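> next one to model:
(one chain, ligands or ions: 1)
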Amino acid sequence: MRTTGCPEEKILSFLSSQKAKDRCYHKVLSSMCTLPHPLAVQVQEMFIESNLGDPGLFEGTAEIESLLIEELGSLLHLTGACGYATSGGTESNIQALRIARKEKPVESPNVVVPESAHFSFEKACDLLGLEMRTVPSDGTYRMDAEMAAGMIDDHTIALVGIAGTTEYGVVDPIERLAELATEGDVHLHVDAAFGGLVLPFLESPPAFDFQLDGVASISVDPHKMGMSTIPVGCLLTRKESMLCALNVDTPYLTVKKEFTLAGTRPGGAVVGAWAVLEHLGRDGFTRIVQECMGRTRRLIEGMEGHGYSVVVEPEVNVAAFECPKIPPGWQVSRTRDGHMRIVCMPHVSTQAIENFLRDIGEMDV
Ligand SMILES: *Cc1c(COP(=O)(O)O)cnc(C)c1O
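Next comes the predicted model:
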């Protein structure tokens, strides 16, 4: 550390040059994050000092966190859902598996997850000492539920289904998984980190949430399609006892127990997430999701016009293509199977899609 401080202007000027090295979102087609809604930015500043890690000091903020959980719970068909705001899908998934392990304290516990699962499950299993049993996908990049059934045994503490996979944008057969979970008495965790704020706004979404009795917990990330500032994820649980299973004593805080993984937690981002939901409402979200889906369909149609087929028809605004090229200047990503992957987030405008299609077309000649 330097001995004498550096003037603010000098720091800010250094920081602007650093920021100039960051990609601006406008040609980024690979990210599940997006530009935050301006209201989320304003609210974050308003609540900038608020720490949800000590909720008794920030009662107003803590009440908003409850409202956020209540609102997401009702969107996902469970009035009175329990839960809390996490740092994102990774923390939510870790905590869901921790709950499952507490619920069923067996020896050599295992978790049955789809091949398409986000890499956060690998971290969770490593941390929690769980064997991860990976279920192969069917021909459509969805979990093969019958193979999953064959992998569940007495040591299985949790079954995981993905509603809106990170790579291909498809939804696992959650209805069937819910039946398996009920039959086998295992915790079914639905990872809807991405799809949780997309699927409810589609015309006829597949059932993936608490309307299925077997679903015990759900991850849903406002910092993706919820357009909050980073970081805000949410873990929702069907019962309060699930969260309470994680309680530890916190004698010197204003509350005497906590079930969260993080201690200090950002109030501002969480309140911002709630504000965006409240401000846009179902109508606003439906409009945004319809736009993103419309652009995804236009992208697929355009890519197919250039001879690059979509790997699987997605259910959310993520599409993967059999396409080895990347037009210069655009940021796309590759799936584990090497397919080109594009996420049509709200910042990816119709014009951006048209420009991308034009640029890819020019590479053909
Ligand atoms: C993004 C994502 C995650 C991880 O969420 P983070 O917020 O990056 O920790 C987990 N699961 C799915 C399905 C995701 O799309």
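
> can we go C-alpha only for contacts and neighbour counts from here?
Will do.

> mind checking pLDDT for residue 98?
Looking at residue 98, its pLDDT stands at 98.

> let me fix that, I meant to ask about residue 177.
If you check residue 177, the pLDDT there is 98.

> list the contacts of the nearest residue to residue 27 once chain neighbours are set aside.
Spatial nearest neighbour of residue 27, excluding adjacent residues (C-alpha to C-alpha, 6 or more residues apart in numbering): residue 330 at 5.3 Å. Residue 330 is in contact with 27, 28, 29, 356, counting by C-alpha atoms under 8 Å, 6 or more residues apart in numbering.

> then residue 194?
Residue 194 sits next to 32, 163, 164, 165, 166, 220, 221, 224, 225 when contact means C-alpha under 8 Å, 6+ apart.

> OK, contacts around the first one?
By C-alpha under 8 Å, 6+ apart, the contact set of residue 32 is 194, 224, 225, 343, 345.

> tell me the gap between the biggest helix by length in the chain and the middle of its chain.
Ranked by residue count, the top helix of the chain under DSSP state H comes out as helix 267-305. Chain-centre distance of helix 267-305: 14 Å, with C-alpha atoms, centre = their mean, to the nearest Å.

> please parse this protein into its domains.
23-36+281-363, 38-277 (automatic domain parsing).

> neighbours of the closest residue to residue 277 other than its chain neighbours, how many?
Closest residue to residue 277 apart from its sequence neighbours, by C-alpha to C-alpha, 6+ apart: residue 226 at 7.3 Å. Residue 226 is flanked by 27 other residues according to other C-alpha atoms under 10 Å.

> which ones are touching the nearest residue to residue 210 once chain neighbours are set aside?
Once flanking residues are discounted, residue 210 sits nearest to residue 77: 5.4 Å by C-alpha to C-alpha, 6+ apart. Residues in contact with residue 77 (C-alpha under 8 Å, 6+ apart) are 209, 210, 211.

> of those, which is the nearest to the ligand?
Distances from those to the ligand were compared by C-alpha to the nearest ligand atom; the smallest belongs to residue 209, at 14.0 Å.

> what about that closest one, which SS state?
coil (DSSP: H, G, I helix; E, B strand; the rest coil).

> end to end on stretch 303-322, go ahead and measure it.
End-to-end span of stretch 303-322 (C-alpha to C-alpha, to the nearest Å): 9 Å.

> so is that stretch next to the ligand?
No - applying C-alpha under 6 Å from any ligand atom, one finds stretch 303-322 out of contact with the ligand, separated by at least 10.0 Å.

> and for stretch 329-341?
No - using C-alpha under 6 Å from any ligand atom, stretch 329-341 stays clear of the ligand, coming no nearer than 12.8 Å.

> list the buried residues in stretch 283-303.
For stretch 283-303, a neighbour-count test (16 or more other C-alpha atoms under 10 Å) marks 285-286, 288-293, 295-303 as buried.

> count of residues packed around the residue lying closest to residue 28 once chain neighbours are set aside?
Spatial nearest neighbour of residue 28, excluding adjacent residues (C-alpha to C-alpha, 6+ apart): residue 331 at 4.8 Å. Using other C-alpha under 10 Å, residue 331 is surrounded by 17 other residues.

> measure residue 331 to residue 24 for me?
For residue 331, the distance to residue 24 - C-alpha to C-alpha - is 10 Å.

> who's in contact with residue 156?
Contacts of residue 156 by C-alpha under 8 Å, 6+ apart are 109, 110, 111, 112, 186.

> hmm, the first one is touching residue 159, no?
No - using C-alpha atoms under 8 Å, residue 109 makes no contact with residue 159, being 11.8 Å away.
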